[in-house]
Structures are given as structure tokens and as C-alpha cells.
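Chemist: Structure, please.
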Amino acid sequence: MIQVEPVANWSLVTLNLIRMAIGVGVLSLTATLPASPLVLSDPNSDAKSASALMAAGNAEEAVPLYRNLVARFPNEPSFGINFVLALFQTGRYREGIEECDALAKRWPANTNLRILLADALSTAAQWAEAADQYEVCARAQPNNPRVVFGMARSYESLVWQSASQMVSVAPNSAELLALSAELELEQGRLAPAFQQFRKALDLQPSFPGLHVQIAEIYKITGHTDWAALERAKEARPAPCATGSAECAFAAGQFRKIAAEKADSAQAVYWQAKAFLELSRKAYQHLRELPPSKEGAEAKAINEEKHSRYPEAAASWKSALRFDPSDQAIQRHLATALCQGNNCETAIPYLKKQLVQQPESAEVNYLYGLALNNERKPDEAVPYLEKAVRLNDKFLPARASLGEAYLEAGNPERAIPELRAAAAYDETGSRIYQLARAYQAAGKREEAADTLRDYRQVSNRHAAEVQANSSSITPP
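Modeler: Numbering: from 1, shown residues only. Predicted structure coming up:
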């Protein structure tokens with residue numbers, strides 16, 4: 001999924017101040033104020049203009065209007081809240097936090113600004129604190145899809161964070177293998193999950209619950225007889241140690257486990273399992289709520305996890321109907337359409353994005369990619385060049401630029417771009433394009449060497465795919 005780049009160095013002191021942030025209920029984007037002789041322009045007109053700009057996805061131009069309104073009317077909370085929203089939408093996270101703090105000095109605590117805080121923490125990848133704030137919000141607004149979706153994503157991100165922690169704490173442990181298998185399952189990859197569970201059991205034959213997990217994979221793949229045999233191997237659980245994470249998990253005390261410090265492989269594993277259960281419960285709750293933008297987003301993300309891109313595109317379209325100006329959803333939709341071999345349909349969405357974000361490396365890349373996929377390399381090149389100019393470490397953009405150069409008949413310019421991207425090619429496709437570029441440039445020796453590299457990588461990848469597809473073996 002395409003994500004906003006988080007702020008790297010948010011001050012914990014500042015975040016603590018935001019926890020005190022306050023609001024005044026659900027407010028209109030266009031508050032009505034009496035005319036003031038001290039104001040040179042009409043505040044109602046400015047507020048309506050700012051609201052219209054936000055609705056059109058042009059938060060950049062709304063920022064100065066709201067900044068002026070906040071300075072002139074510090075006691076009108078709607079201006080402060082909408083100013084913060086505009087700041088966040090334009091990536092001014094630190095200033096947005098400062099404005100939250102300013103609001104905290106004027107108004108009593110309220111759920112609406114706490115949601116804003118939770119969203120800011122999530123954007124900053126402060127997942128644990130974001131989850132805490134969403135939990136508080138959920139007690140006040142349990143059926144708010146924005147809150148439920150935020151909570152689901154925060155806990156899901158904490159699972160991946162736990163996996164990274166496990167790599168440092170216990171890189172060769174059965175716990176890491178078991179957790180990796182859980183993550184493979186979440187993305188519908190049954191064969192790799194099966195392999196990881198088996199390896200975990202090889203290291204720790206008494207690992208609780210893993211035979212049941214393997215039995216479920218057998219059941220999903222139609223091997224009900226194998227599933228019964230595997231389930232029978234699960235040892236009857238021994239009494240767990242009082243106060244242990246395993247015991248708390250068995251009792252369904254997921255939030256208790258989530259709040260505890262985990263400093264061993266076993267503790268990290270059970271905490272990750274608790275995060276995963278909390279995420280699943282939140283996603284299930286979201287599915288049970290009335291249709292919403294957040295519900296459609298969650299469905300789209302799940303479809304993408306399973307590489308079902310046409311279905312993902314349909315869900316992104318549903319999300320966009322709730323908020324046609326949401327730029328992130330527009331990018332997700334365009335990406336899903338291209339990944340589903342329907343780039344032509346994505347081009348109108350990307351044109352709008354280019355108007356709104358002409359200096360975005362990602363948007364220029366996606367538009368260039370779409371044009372190149374539509375066999376318009378000459379039109380694609382300027383956008384891909386701009387994407388690489390904005391971020392020369394953006395390897396997908398460099399690969400696409402190299403391919404566009406090659407298709408446009410300029411192999412010499414294609415070579416350095418494809419060579420940079422080929423260094424991280426696991427399937428061989430980019431290496432093959434590099435070999436084509438060498439051939440077209442008349443560099444036969446380099447072409448021959450690169451084709452040998454391509455065959456090696458391609459054969460290795462094919463063997464891995466074959467091994468994975470045939471790795472679900474009998475008990």
C-alpha cells in the first residue's frame with residue numbers, strides 16, 4: 001500500500017502535549033461569524049473559500065486562509081480544527097501538532113481532537129500510542145469507522161513491528177518462524193506459511209498451537225484427512241504458568257498482553273499474536289458497520305494483499321465515492337488499475353493528481369508508468385525523468401524510465417537506469433530488459449553476460465515458485 005512518509009523526529013514532549021488536545025464536538029467546515037469592523041475581509045467568505053479548496057483537494061491554498069482566520073478569531077474552534085486538518089493534508093505535521101497544543105489551551109477535552117491526535121500518531125508511525133488513543137476514542141464512539149479502521153491498522157502495524165523486533169531479539173528462533181508463518185497466512189500465502197510452521201516445529205516440537213495451524217492449511221487446501229491427522233498431533237495443553245503471556249492469550253486477555261513490556265522471544269511472540277487478534281477483531285467490527293470510506297479502504301487493502309487487483313480497484317472506487325477529493329485513494333486506485341493491466345483507465349485519475357501534486361515523485365512515476373504501459377514511451381519519458389530527478393533512489397521509477405528509454409529507441413540512456421534497478425531484481429525481468437538494452441546498443445559482450453545472469457536468476461525464481469507450490473506435503 002502507498003503511504004504518507006512519516007515524520008522521523010516527533011518530540012515525545014510535544015506528543016504528550018497533544019494528548020491534552022481538546023475540541024468542541026463535530027464542527028462545520030464553514031462556521032458563521034458576525035461581521036467584525038476590525039477585519040478587512042469577510043470571514044464567512046474566507047471560511048467558505050477554504051472549505052471549497054479542501055473539498056477540491058487543494059489543502060495547500062486553504063492553509064493560508066485558515067491561518068489568517070485562526071489569527072483573527074482564536075476563540076472560534078472550527079477554524080483551529082480545520083487548520084490542523086489542512087496542515088496534516090499538506091504534510092506540515094509538526095506545525096499541526098503545535099496547533100493541536102494551541103487548541104488544548106482553550107477548550108476542554110473532547111473525542112474529536114483525540115481522533116485527530118490518533119491519526120497524527122499513526123501518520124508518524126507511533127503505532128502503540130496511536131492504538132492507545134484509538135482505544136480511548138472507541139469507548140466514546142465505538143461505531144465510528146474512522147476510529148475502528150485506525151485501531152485495526154495500528155494493531156496490524158504493531159504485528160510487523162514485533163516481527164522486526166524478533167529479528168533482533170531471536171533471529172534463529174522457532175518463535176520468529178511461527179510469527180513469519182502467521183504473517184504469510186495473513187496475506188494468503190499458504191505454502192510459505194506451511195513451510196515456516198514446519199520449520200518452527202522442527203526447532204521446537206512442543207510449540208503450542210502450530211499443529212492446529214497446519215491442520216487449518218490442510219483444510220483450506222482440501223486435505224481434510226490430513227487435517228484430522230495433524231490436529232491429533234497437537235499435545236493436550238499443559239497448565240500455563242500463572243501470569244505468563246501464553247496463559248493470558250489463552251484467556252483472551254489481548255489488551256493486557258498488548259500493554260506489557262516484551263523483552264524475550266516468547267513474550268514478543270505472544271504479544272504479536274495479541275496484536276493480530278485485536279487487529280482481526282477491529283477489521284471484523286468494521287465489516288459489520290454500515291458502508292463507509294474506511295470499510296471500502298480496508299476491503300481494497302485486503303484484496304491487494306492477495307494480489308486481486310481488479311477487485312481492489314473496485315473497492316478503491318467505492319471508497320472514492322465517499323470522498324472524491326481524497327488524493328491517497330486516487331493514487332491507490334490508479335496503482336490497482338495498472339497492476340490489473342488496466343492502465344488506460346487509471347490515466348484520468350493520475351492527471352488530476354498531477355495538477356494537485358506536480359512535484360510528487362510517486363505521482364509522476366505512476367503517470368509515466370501508465371503511459372509506458374499504453375505503449376506511449378515518448379510521452380512517458382518526461383514524467384519518469386522528473387520522478388527520478390525528485391528521488392534518484394526510487395528504483396521502480398528508474399526501472400520504468402529505463403524501459404521507456406529502450407522502447408523509445410534510446411538504449412544508451414536506458415542502460416544506467418536498468419542497471420541500477422537490476423541490482424535488486426529477484427525475478428529476472430529487469431535483468432532481461434538490461435540485456436535487451438545492451439544488445440540494442442551494440443554491446444554484445446555485456447549483453448551475453450547479462451543474459452547469463454538473467455537465466456540464473458530466472459531459473460532460481462522458477463525453482464522457488466515450484467518448491468512453494470508443491471510444499472504442502474502430507475503429515
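Chemist: For this structure, give me the ranges with low pLDDT.
Modeler: Confidence mapping of the chain against pLDDT under 70 gives the ranges 1-42, 100-101, 104-107, 109, 124, 237-239, 241-242, 467-470.
Chemist: How is it divided into domains?
Modeler: 12-124, 158-288, 307-469 (automatic domain parsing).
Chemist: Let me have those in JSON lines, extended by distance to residue 140 and mean neighbour count.
Modeler: C-beta coordinates here come from the backbone N, C-alpha and C atoms, glycine included. JSON lines is the format used below for these (distance: least, CB to CB, whole Å; neighbours: other CB atoms under 10 Å):
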{"stretch": "domain 12-124", "distance to residue 140": "4", "mean neighbour count": "18"}
{"stretch": "domain 158-288", "distance to residue 140": "15", "mean neighbour count": "17"}
{"stretch": "domain 307-469", "distance to residue 140": "22", "mean neighbour count": "19"}
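Chemist: got a markdown table for the ones you listed, with distance to residue 298 too?
Modeler: Putting these into a markdown table (distance: least, CB to CB, whole Å) gives the following:
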| stretch | distance to residue 298 |
| --- | --- |
| domain 12-124 | 14 |
| domain 158-288 | 6 |
| domain 307-469 | 9 |
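Chemist: Identify whichever of those domains lies nearest to residue 144.
Modeler: domain 12-124 (7.6 Å; CB to CB).
Chemist: Residue 205 sits in which helix or strand?
Modeler: Counting by DSSP states H and E, no helix or strand carries residue 205.
Chemist: Name the helix or strand for residue 384, please.
Modeler: Applying DSSP H and E, one finds residue 384 within helix 377-390.
Chemist: Let's see that helix as PDB, backbone CA atoms only.
Modeler: Taking Å, rounded to 0.1, in the frame of the first residue of the first chain, the C-alpha atoms of helix 377-390 are listed here in PDB:
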ATOM      1  CA  PRO A 377       7.100   5.800 -24.200                       C
ATOM      2  CA  ASP A 378       7.900   9.200 -25.700                       C
ATOM      3  CA  GLU A 379       5.100  10.700 -23.600                       C
ATOM      4  CA  ALA A 380       6.100   8.700 -20.600                       C
ATOM      5  CA  VAL A 381       9.800   9.700 -20.500                       C
ATOM      6  CA  PRO A 382       9.400  13.300 -19.200                       C
ATOM      7  CA  TYR A 383       7.300  12.200 -16.200                       C
ATOM      8  CA  LEU A 384       9.600   9.300 -15.400                       C
ATOM      9  CA  GLU A 385      12.600  11.600 -15.700                       C
ATOM     10  CA  LYS A 386      11.000  14.000 -13.300                       C
ATOM     11  CA  ALA A 387      10.200  11.200 -10.800                       C
ATOM     12  CA  VAL A 388      13.900  10.100 -10.800                       C
ATOM     13  CA  ARG A 389      15.100  13.700 -10.600                       C
ATOM     14  CA  LEU A 390      12.900  14.200  -7.500                       C
END
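Chemist: Next secondary structure element downstream of it?
Modeler: helix 395-407.
Chemist: the inter-axis angle of that following helix versus helix 377-390?
Modeler: For helix 395-407 against helix 377-390, the angle by axes from the mean of the first three to the mean of the last three CA atoms, to 10 degrees is 150 degrees.
Chemist: Who are the packing partners of helix 395-407?
Modeler: If you count contacts as 3 or more CB pairs under 8 Å, 6 or more residues apart in numbering; DSSP states H and E, helix 395-407 packs onto helix 361-373, helix 377-390, helix 411-422, helix 429-440.
Chemist: now the ones you listed as a markdown table including distance to residue 335?
Modeler: As requested, those are exported to a markdown table (distance: least, CB to CB, whole Å):
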| stretch | distance to residue 335 |
| --- | --- |
| helix 361-373 | 6 |
| helix 377-390 | 14 |
| helix 411-422 | 18 |
| helix 429-440 | 18 |
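Chemist: Which one, of those, ends up nearest to residue 255?
Modeler: When the helices and strands packed on helix 395-407 are compared (using CB to CB), the closest one is helix 361-373, at 36.0 Å.
Chemist: What is the closest one packed up against?
Modeler: helix 327-339, helix 343-356, helix 377-390, helix 395-407.
Chemist: Now do that helix against helix 343-356, angle only.
Modeler: 150 degrees.
Chemist: Check the offset of helix 361-373 from the chain's centre.
Modeler: 20 Å (CA atoms, centre = their mean, to the nearest Å).
Chemist: ditto for stretch 153-164
Modeler: 11 Å.
Chemist: swap in stretch 154-165?
Modeler: With CA atoms, centre = their mean, you get 12 Å for stretch 154-165.
Chemist: same deal with stretch 455-470?
Modeler: Worked out by CA atoms, centre = their mean, stretch 455-470 lies 28 Å from the chain centre.
Chemist: what's next to it, contact-wise?
Modeler: With CB atoms under 8 Å, 6 or more residues apart in numbering as the test, stretch 455-470 has contacts from 191, 192, 195, 425, 426, 427, 428, 431, 432.
Chemist: go again using 10 Å as the cut-off
Modeler: The contact list for stretch 455-470 (CB atoms under 10 Å, 6 or more residues apart in numbering) reads 189-192, 194-195, 422, 425-432, 435.
Chemist: hmm, back to that, taking their axis directions, the helix holding residue 384 and helix 411-422 sit at what angle?
Modeler: 50 degrees.
Chemist: list the helices and strands helix 377-390 packs on?
Modeler: helix 343-356, helix 361-373, helix 395-407, helix 411-422 (3 or more CB pairs under 10 Å, 6 or more residues apart in numbering; DSSP states H and E).
Chemist: repeat that with 6 Å
Modeler: helix 361-373, helix 395-407 (3 or more CB pairs under 6 Å, 6 or more residues apart in numbering; DSSP states H and E).
Chemist: ok and the last one relative to helix 429-440, angle-wise?
Modeler: Looking back up the chat, that one is helix 395-407. 30 degrees.
Chemist: Pull the distance from helix 395-407 to the chain's centre.
Modeler: For helix 395-407, the distance to the chain centre is 25 Å (CA atoms, centre = their mean).
Chemist: rewinding a little: between the helices and strands packed on helix 377-390, which one is closest to residue 64.
Modeler: Nearest of the helices and strands packed on helix 377-390 (CB to CB): helix 361-373, 23.2 Å.
Chemist: can I get the CA coordinates of that closest one in PDB?
Modeler: Extracted as PDB, the C-alpha positions of helix 361-373 are listed here (Å, rounded to 0.1, in the frame of the first residue of the first chain):
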ATOM      1  CA  ALA A 361       7.900  11.700  -7.400                       C
ATOM      2  CA  GLU A 362       5.300   9.000  -6.900                       C
ATOM      3  CA  VAL A 363       2.500  10.600  -9.000                       C
ATOM      4  CA  ASN A 364       5.000  11.400 -11.800                       C
ATOM      5  CA  TYR A 365       6.100   7.800 -11.700                       C
ATOM      6  CA  LEU A 366       2.600   6.400 -11.800                       C
ATOM      7  CA  TYR A 367       1.600   8.600 -14.700                       C
ATOM      8  CA  GLY A 368       4.700   7.800 -16.700                       C
ATOM      9  CA  LEU A 369       4.200   4.100 -15.900                       C
ATOM     10  CA  ALA A 370       0.700   4.200 -17.200                       C
ATOM     11  CA  LEU A 371       1.700   6.000 -20.400                       C
ATOM     12  CA  ASN A 372       4.500   3.500 -21.000                       C
ATOM     13  CA  ASN A 373       2.200   0.500 -20.400                       C
END
